[in-house]
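S.K.: Sequence and predicted structure are below.
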Protein chains: 2
Amino acid sequence: MTAPARNLDPLIVELRALLGERLSTSEAVRRQHGKDESFHDLAAPDAVAFATSTEDVAAVVRVCARHKVPVIAYGTGTSLEGHVQALHGGVCIDLTQMNAILEVNNEDLDCRVQPGVTRKQLNNHLRDSGLFFPIDPGADASLGGMAATRASGTNAVRYGTMRENVLGLTVVLADGRVIRTGGRARKSAAGYDLTRLFVGSEGTLGIITEIQLRLYGIPESIASAVCSFATLEGAVRTVTQTIQMGIPVARIELLDEFQMDAINRYSDLSYPVQPTLFFEFHGSENGVREQAEMVGEIAAEFGGGDFQWATRQEDRNRLWQARHDAYYASLALRPGCKGWATDVCVPISRMTECLLETRKDIDESGLLAPIVSHAGDGNFHLVFIVDPENQEEMARAGAVNERMVTRALAAGGTCTGEHGIGYGKLEFLKAEHGEAVSVMRQIKTALDPDNIMNPGKVL
Amino acid sequence: MTAPARNLDPLIVELRALLGERLSTSEAVRRQHGKDESFHDLAAPDAVAFATSTEDVAAVVRVCARHKVPVIAYGTGTSLEGHVQALHGGVCIDLTQMNAILEVNNEDLDCRVQPGVTRKQLNNHLRDSGLFFPIDPGADASLGGMAATRASGTNAVRYGTMRENVLGLTVVLADGRVIRTGGRARKSAAGYDLTRLFVGSEGTLGIITEIQLRLYGIPESIASAVCSFATLEGAVRTVTQTIQMGIPVARIELLDEFQMDAINRYSDLSYPVQPTLFFEFHGSENGVREQAEMVGEIAAEFGGGDFQWATRQEDRNRLWQARHDAYYASLALRPGCKGWATDVCVPISRMTECLLETRKDIDESGLLAPIVSHAGDGNFHLVFIVDPENQEEMARAGAVNERMVTRALAAGGTCTGEHGIGYGKLEFLKAEHGEAVSVMRQIKTALDPDNIMNPGKVL
């Protein structure tokens, strides 16, 4: 996809007057900002503006609004459904220089950050405070991008997603107005919930320039463990039973045998090449012991082996780093190929059947696609390792993906648990939400009548 | 306030043809539906439609839309800021006959209900399933009304509010279209979060006709306790420290000495007339013991007495019934007067100062106004016991209320933690949200261009 031909010179001149050196039209910079981590084609913007303040963002948006030129926000480029591609050209606003942690309120367990702060940067900053920010999508994504895509990840089963953990936002709207949504109170019944409207809107309604986040006290005790299973079904059933019993696990992650093979190779580990659960328990010492014993009993019932414990911080870090590298480990299975990551989320009672049918479908299609799952939420991912040049292979992957989504929707689930719509899942949004999509479109039209905010995404 | 004069006869004829006996224009029925539990004046609708299905609601709304006549949803009428008053006349849709529990999914810990189901009805229905629905605003409100007002209450500190516990909705829009929002998956990144937009919109964007709710397993162990304090400050500081330490209390409620006096009289109890905390702990037996010990130590540090435990279910019920009757108990202090209930919510670090300054302000104003607080959330209420005919007294109460809200906003809080805006707090919404209110108005205009959905409320 390419941008329509038009003369953007007057726009560029205006932006250059505003930003000077902080505006780039170099091909290298534009190309670098025209792609996320997905297999989707590059679509470079016409210019990249490096913002350093909310006022910068508002000024750039005002100029673009006057010229009716698209505006696309950019954090770390780690999205997976083509969220940042400049499908209709326009100006990319790079927010990475807005990376200040503005305020940490230890007593209130909250903080305020600029959108370019990454989750690891925040947690490093918090280290000595006894607090942490739990949302962890794997990539060291920017918190602005995480809010914009309603990110979640491994800890969501216990701590929720960005939906639950964003208290308020500063947002630049399509006409350059700046608003603040939400606040620092833990709850409010004052007016429409604009915070939740912007969280997950993928830059199509406005650009997030500040985020108020919930924080949590670091638990007194943390324990991580790995447990291998004879069958994929046994691993899934262990998860569903754990959740149904209300055991407050902090992480309960499932990797199938293909994924375990990949991470063994990539991270130089020697786990059994079997379906495996990665656990983490948070609580008091007694609480953690209690949780671990209960889950251990459930696992044993479903053919799980002994728990291998990682008690030291560095062992835990190694374990979770391996988990987080699952995507790159999968890519390394077939050098030169690309990863097509996709995810769905279903009610927990339907996960066993949805996940097993999907595994069977992949195997029958002859594709390479490890499964990894934030299983406690009913959310599972697969990464097709494909050659984008091979149209037949891409079509086969597309068919498996479509069947997986159809299966998830039939089970009362969603076409994406955490990756978002971008433009890779546009066709599924309507299948999932029907007439409600027209309401989303009414809101989009009301707030962005000229469709300049990340056009071609979500709707 | 009265409705503008206009001829509604053609509308009534059409609605009568649709609903027959289920349309009432009798004065008694209209008056009964023109008021909530607040002190706000009665404003009766022109007719009351008793809906029995989503299709009923959609048909009534379509007729009203054609005639550009207001539509107001009605559940149990237990709101507190004039939410149901027909300020511009129109048709009240009574949803109490839509009281079916449509589906309970034990394995997925969720259910789907019609909007007229009350929270106690749902919990009675769930009793043998081992599950419960925790959100508890005190009144036996309808779940549709609770969703529409983003209700919370005593358990919110542990289980969140309606914001966190509504998974999806069926909504009739201002033009009679029916949409479904959200779904049964625990998380989703598919499109705009319309569920959260309708939760808390107080009937101004659409009428909720089905609600998908999260449920929870009944904890293995539950223990309730009461603890008296020498000073209000000691009680508040016990709460803030408990929250800051991350102790997962299920309920932590504060009642000042005026409120304790009121409930002693009303519920024939003999608690010390002192600032008091009501606790509830949920968890495993060990977990509950651990939590109670930790909180007990904190309380002792701040001048708290011994915990009086309520271990038997009936004692716990008696304790919490007394807490829930606080409003009626306050009313009974001064027979013939009315209650003006108001609430704010602030960051926990600011609660001590906000609550103590408010108590002082009440005392200096010479008003009778017990304070009761969902203290774990930083949310506190006061009920002015006033004579609405006494304009001078009402003005004094209004001034104390305004100062309390101003204080809360200055502390980074909200003008209402859980009661909502209705039309009683319209003036404060702008003070809290500034320019963001114009975005709320854009959304309202997009979805309800003729302003027929509960006009005069929220915006």
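M.R.: Arrived safely, thanks for sending.
S.K.: Outside of the host helix or strand of A:Leu254 itself, list whatever touches it.
M.R.: Taking DSSP states H and E as the definition, one finds A:Leu254 inside strand A:251-255. Contact with strand A:251-255 is made by A:154-155, A:157-158, A:224, A:235-236, A:239, A:242-243, A:263, A:275-280, A:323, A:326, A:370-376, A:380, as judged by CB atoms under 8 Å, 6 or more residues apart in numbering or on different chains. From N, CA and C alone the C-beta is placed, and that goes for glycine too.
S.K.: contacts with chain B among those residues, please.
M.R.: Near chain B, judged by CB under 8 Å from any CB of the partner chain, the entries from those are A:Ile243.
S.K.: Just the contacts of strand A:251-255: which are in helices?
M.R.: If you go by DSSP state H, the contacts of strand A:251-255 have A:Val157, A:Arg158, A:Ala235, A:Val236, A:Val239, A:Thr242, A:Ile243, A:Ile263, A:Arg323, A:Ala326 in helices.
S.K.: The second one contacts A:Phe279, correct?
M.R.: No. With contacts defined as CB atoms under 8 Å, A:Arg158 does not count as touching A:Phe279, sitting 11.4 Å away.
S.K.: more crowded one of the two?
M.R.: Each of A:Arg158 and A:Phe279 has its neighbours counted (other CB atoms under 10 Å in any protein chain shown); A:Phe279 has more, 27 against 19.
S.K.: Hmm, the more buried one is touching A:Cys227, no?
M.R.: Yes. If you go by CB under 8 Å, A:Phe279 and A:Cys227 touch, sitting 7.0 Å apart.
S.K.: any common contacting residues for those two?
M.R.: The contact sets of A:Phe279 and A:Cys227 overlap at A:Phe307 (CB under 8 Å, 6+ apart).
S.K.: do you know how far A:Arg186 is from B:His374?
M.R.: Counting by CB to CB, to the nearest Å, the gap from A:Arg186 to B:His374 is 10 Å.
S.K.: Find the residue closest to the residue positioned nearest the centre of chain A in space, skipping its chain neighbours.
M.R.: Taking CA atoms, centre = their mean, the centroid of chain A lies closest to A:Ala151, which sits 3.8 Å from it. Leaving aside its sequence neighbours, A:Ala151 sits nearest to A:Pro137 (CB to CB, 6 or more residues apart in numbering or on different chains; 4.5 Å).
S.K.: isn't there a strand covering the one you found?
M.R.: No. In this structure, A:Pro137 is coil, not part of a strand, as judged by DSSP: H, G, I helix; E, B strand; the rest coil.
S.K.: The stretch 201-350 of chain A: helices as residue ranges?
M.R.: A:232-244, A:257-267, A:285-301, A:313-324, A:326-332 (DSSP state H, counting those that start in this stretch).
S.K.: Tell me which of those helices lies nearest to A:Ser38.
M.R.: helix A:326-332 (10.8 Å; CB to CB).
S.K.: Buried subset of the ones in helices among the contacts of strand A:251-255 as a PyMOL selection?
M.R.: Here is the PyMOL command that selects the buried residues among the ones in helices among the contacts of strand A:251-255 (16 or more other CB atoms under 10 Å in any protein chain shown):
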select buried, chain A and resi 157+158+235+236+239+242+243+263+323+326
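S.K.: Ramachandran angles for A:Ile93?
M.R.: With angles defined as degrees, to the nearest 10, A:Ile93 sits at phi -100, psi 110.
S.K.: pretty sure it contacts A:Ser53?
M.R.: No. Contact criterion CB under 8 Å: A:Ile93 and A:Ser53 do not qualify, at 11.5 Å.
S.K.: mind checking the SS state of A:Val405?
M.R.: Secondary structure, three-state DSSP: A:Val405 is helix.
S.K.: just A:Ile385 next, same as before
M.R.: Per three-state DSSP, the local secondary structure of A:Ile385 is strand.
S.K.: For it, grab the count of nearby residues.
M.R.: A:Ile385: 23 surrounding residues under other CB under 10 Å.
S.K.: For the stretch 301-450 of chain A, which residues are neighbours of chain B?
M.R.: Contact residues, the stretch 301-450 of chain A versus chain B (CB under 8 Å from any CB): A:345-349, A:377-379, A:408, A:412-421, A:425, A:428-429, A:432-440, A:442-443, A:445-447.
S.K.: Now which of those residues would you call buried?
M.R.: Buried members of those, counted by 16+ other CB under 10 Å: A:345-349, A:377-379, A:408, A:412-421, A:425, A:428-429, A:432-433, A:436-437, A:439-440, A:442-443, A:446-447.
S.K.: Now list whatever residues contact both of A:Arg158 and A:Phe279.
M.R.: A:Val249, A:Arg251.
S.K.: Filter the buried ones among the residues of the stretch 301-450 of chain A next to chain B down to just the ones in helices.
M.R.: Here DSSP H is the test, and those give A:408, A:428-429, A:432-433, A:436-437, A:439-440, A:442-443, A:446-447 as lying in helices.
S.K.: Tell me the one among these nearest to B:Gly456.
M.R.: Nearest to B:Gly456 out of these is A:Ala446 (CB to CB; 20.9 Å).
S.K.: Quick one: residues contacting that closest one.
M.R.: B:Gln442, B:Ile443, B:Thr445, B:Ala446.
S.K.: Nearest residue to the third one in space, ignoring adjacent ones along the chain?
M.R.: It stands for B:Thr445. In this structure, B:Thr445 finds its nearest non-sequential neighbour in A:Ala446, 7.0 Å apart by CB to CB, 6+ apart.
S.K.: re earlier: taking the contacts of A:Ala446, tell me the two that lie furthest apart.
M.R.: Most distant of the contacts of A:Ala446, by CB to CB, are B:Ile443 and B:Thr445, 7.4 Å apart.
S.K.: Close to chain B: what parts of the stretch 1-150 of chain A are there?
M.R.: A:Asn105, A:Asn106, A:Glu107, A:Asp108, A:Leu109, A:Asp110, A:Thr149, A:Arg150.
S.K.: Stretch A:249-267: how far from the chain's middle?
M.R.: What separates the centre of stretch A:249-267 from the centre of its chain is 18 Å, taken as CA atoms, centre = their mean, to the nearest Å.
S.K.: per-domain residue ranges of chain A.
M.R.: A:9-94, A:101-217, A:221-323, A:334-418 (automatic domain parsing).
S.K.: Format those domains as CSV; extra columns: distance to B:Phe258 and mean pLDDT.
M.R.: Converted to CSV, these look like this (distance: least, CB to CB, whole Å; pLDDT from 0 to 100):
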stretch, distance to B:Phe258, mean pLDDT
domain A:9-94, 45, 97
domain A:101-217, 24, 97
domain A:221-323, 37, 94
domain A:334-418, 45, 97
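S.K.: Deepest in the core, which of these is it.
M.R.: With neighbours taken as mean count of other CB atoms under 10 Å in any protein chain shown, the domains of chain A reach their highest mean count in domain A:101-217, at a mean of 23.
S.K.: distance between the ends of that one?
M.R.: 18 Å (CA to CA, to the nearest Å).
S.K.: same deal with stretch A:225-235?
M.R.: Start-to-end span of stretch A:225-235 (CA to CA) is 14 Å.
S.K.: Off-centre distance for that stretch?
M.R.: 25 Å.
S.K.: show me the contacts for the residue in the stretch 1-150 of chain A positioned nearest to chain B.
M.R.: Chain B sits closest to A:Glu107 of the stretch 1-150 of chain A, with a gap of 3.8 Å, by CB to the nearest CB. Neighbouring residues of A:Glu107 by CB under 8 Å, 6+ apart: B:Thr240, B:Gln244, B:Pro347, B:Ile348, B:Ser349.
S.K.: Same question for A:Ser152.
M.R.: A:Ile135, A:Pro137, A:Gly160, A:Thr161, A:Met162, A:His374, A:Asp377, A:Asn379, A:Gly417, A:Glu418, B:Lys187, B:Ala189.
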